[in-house]
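Peer 1: Here is my input; please provide its structure:
(one chain, ligands or ions: 2)
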Amino acid sequence: MTSPASMPAEPQWRPPRLSVVVPTYKERDNVLPLLEKLDLALAGIAFEVIFVDDNSPDGTAEAVKQAARTRPNVRCIHRIGRRGLSSACIEGMALSAAEFVAVIDGDLQHDESILPQLLARVEEGADIAVGSRYVGEGRSEEGLSAGRQAGSRLATRLSGILTGKALADPMSGFFLLRRALVMEVAPHLSQEGFKILLDLVATAGRRRGGRLTIAEVPYSFRPRHAGESKMSPLIVAQFLGLIVSQLTRGLVPTSFLLFGLVGVSGVFVHLAVLSLAFEVFGIGFAVSQFIATMVAMTTNFVLNNELTYADKRLTGRRFFTGLLSFYAVCSFGTFANISVASLLFTAEMANFVFAGIAGAVMSAVFNYAVTRIFTWR
Ligand code: GDD
Ligand code: MN
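Peer 2: Ligands and ions are numbered 1, 2, ... in the order given. Coordinates of the predicted model:
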């Protein structure tokens, strides 16, 4: 038996002052390089690293847990059946017990060496400190393709509608703030999409009556280390949805906007199929109308499943049961649409445009609300 004296000294544990949250999806080969860089950047600061991985098929979570066996300050939230950058960041920050929390990408594009500066700015009184590509020495050229640079600038302008001139790089995914502030606004944040910072600033700004101090620290956006970007048309659609939802004070949720857009696309699908069946194939009107309705409902279902509810995407058997429930709900919705429109048509003395639109909006709200309960639970 070994005497206590010969045992290795317990490493001294200090409660972390800073939790660094790293959302990951397919970043296995970036885990260790990032941890090494964080160790260097944050030497002297008691910190922990919270990875939030959405069960990446490349085994990112396993790589984090391997690292955690020798690094007591590393943890992993391993989410199953979930996707989404914003929700990952929110859940990572919610796990923290530290006074300060930071969010940084897992692909080494953000320059971790400015973390101590971000921390200092918040300690000095800023509400949020942001790593910015668009102030002072900040640069984005290296890390973004020409096309994405243009897109990023455009998105930055659009976000200005929400944040005013408060912030040069509201699209940044690299920031630090007090945990108390995040947890105060967390219930009001959208869980969808990529733009957690934009949402945080807009929401916290509103709650603070427009008095939010933001400090920006410049850095150069680096090229991605291993793996590839998860930016996609869906993420762009979710971003536009976030802007409108913020402008309407959250009255119109992003998913409703996407649902509505999909609905509009369904009208075009319907008309295209109807004219094909009725005019080109000479099928009777009633049957053509039936076929067009079924096709449009099906494309609407598929698009909503891929876009609006990408985070709850139905697959396999549940895809088919979901499709059936979608048909059922939409049939009710159509029935409601026709009843409301006819009622208004008679009451409003035959204003068919008003009656028609009211009926359509009514059934969209109905379909949206009910499919959220029965189809995409
Ligand atoms: N858990 C989780 N779930 N993490 C995700 C998901 C997801 O669904 N999607 C992306 N991530 C992680 C990535 O693994 C990476 O660590 C980080 O989020 C950023 O994702 P990238 O795919 O690398 O995004 P990007 O480089 O195109 O965009 C980044 O730069 C933009 C600036 O142009 C992000 O930081 C954006 O927020 C930022 O606006
Ligand atoms: Mn990236």
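Peer 1: What distance do you get for whichever residue of the stretch 51-200 of the chain sits closest to ligand 1 to ligand 2?
Peer 2: At 2.6 Å from ligand 1, G173 is the closest residue in the stretch 51-200 of the chain, using C-beta to the nearest ligand atom. Glycine gets a C-beta too; all of them are placed from N, C-alpha and C. Relative to ligand 2, G173 is positioned 8 Å away (C-beta to the ion, to the nearest Å).
Peer 1: tell me the contacts of that residue?
Peer 2: By C-beta atoms under 8 Å, 6 or more residues apart in numbering, the residues touching G173 are L85, V103, I104, D105, H110, F194, I196, L197.
Peer 1: Tell me how many other residues surround the second one.
Peer 2: Looking back up the chat, that one is V103. For V103, the tally of surrounding residues (other C-beta atoms under 10 Å) stands at 29.
Peer 1: in the stretch 201-350 of the chain, which spans are helices?
Peer 2: Secondary structure of the stretch 201-350 of the chain (DSSP state H, counting those that start in this stretch): helices located at 233-247, 254-275, 285-303, 317-347.
Peer 1: picking up where we left off before, least confident of the contacts of G173?
Peer 2: Ranked by pLDDT, the contacts of G173 bottom out at F194 (76).
Peer 1: which residues sit in contact with that one?
Peer 2: F194 makes contact with L85, S86, G173, M231, I235, Q238, F239, according to C-beta under 8 Å, 6+ apart.
Peer 1: Where does pLDDT dip in the stretch 151-300 of the chain?
Peer 2: Judged against pLDDT under 70, the low-scoring parts of the stretch 151-300 of the chain cover residues 164-166, 250.
Peer 1: again, only using 50
Peer 2: Applying pLDDT under 50 to the stretch 151-300 of the chain picks out no residues at all.
Peer 1: V21 - how many residues pack around it?
Peer 2: Applying other C-beta under 10 Å, we find 25 other residues in the vicinity of V21.
Peer 1: if I look at it, how far off is S96?
Peer 2: The spacing between V21 and S96, counted by C-beta to C-beta, to the nearest Å, is 7 Å.
Peer 1: what residues are shared contacts of those two?
Peer 2: In contact with both V21 and S96: I50, using C-beta under 8 Å, 6+ apart.
Peer 1: sorry, back to before: just to be sure, the residue of the stretch 51-200 of the chain closest to ligand 1 is in a helix?
Peer 2: No. With DSSP: H, G, I helix; E, B strand; the rest coil as the criterion, G173 is coil rather than part of a helix.
Peer 1: what about the helix or strand hosting P33, near ligand 2?
Peer 2: Secondary structure from DSSP states H and E places P33 in helix 31-41. No. With C-beta under 5 Å from the ion as the measure, helix 31-41 is seen stopping short of ligand 2, the closest distance being 12.0 Å.
Peer 1: Give the buried residues for that helix.
Peer 2: By neighbour count, and taking 16 or more other C-beta atoms under 10 Å as the criterion, the buried residues in helix 31-41 are V31, L34, L35, K37, L38, A41.
Peer 1: Touching, the first one and T60? I think so.
Peer 2: This points to V31. Yes. Counting by C-beta atoms under 8 Å, V31 sits close enough to T60 to count as a contact (6.5 Å).
Peer 1: residues shared between the contacts of these two?
Peer 2: Contact criterion C-beta under 8 Å, 6+ apart; residues shared by V31 and T60: T24, F51, G106.
Peer 1: Once you drop chain neighbours, what's closest to I235?
Peer 2: When the adjacent residues along the chain are set aside, I235 lies closest to F194, with 5.1 Å between them (C-beta to C-beta, 6 or more residues apart in numbering).
Peer 1: How much space separates T315 from ligand 2?
Peer 2: Between T315 and ligand 2 the distance, using C-beta to the ion, works out to 26 Å.
Peer 1: I meant D105, not that one.
Peer 2: When distance is defined by C-beta to the ion, D105 is 5 Å away from ligand 2.
Peer 1: And for P116?
Peer 2: P116 sits at a distance of 22 Å from ligand 2 (criterion: C-beta to the ion).
Peer 1: Any chance of a PyMOL selection covering the buried ones in the contacts of G173?
Peer 2: Of those, the buried ones go into a single PyMOL selection, burial set by 16+ other C-beta under 10 Å:
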select buried, resi 85+103+104+105+110+194+196+197
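Peer 1: Just the ones in strands from the contacts of G173, please.
Peer 2: Applying DSSP state E to the contacts of G173, the entries found in strands are V103.
Peer 1: okay if I get the contacts of G173 as JSON lines plus distance to ligand 1?
Peer 2: Conversion of the contacts of G173 to JSON lines gives the following (distance: C-beta to the nearest ligand atom, whole Å):
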{"residue": "L85", "distance to ligand 1": "4"}
{"residue": "V103", "distance to ligand 1": "9"}
{"residue": "I104", "distance to ligand 1": "8"}
{"residue": "D105", "distance to ligand 1": "4"}
{"residue": "H110", "distance to ligand 1": "7"}
{"residue": "F194", "distance to ligand 1": "5"}
{"residue": "I196", "distance to ligand 1": "7"}
{"residue": "L197", "distance to ligand 1": "7"}
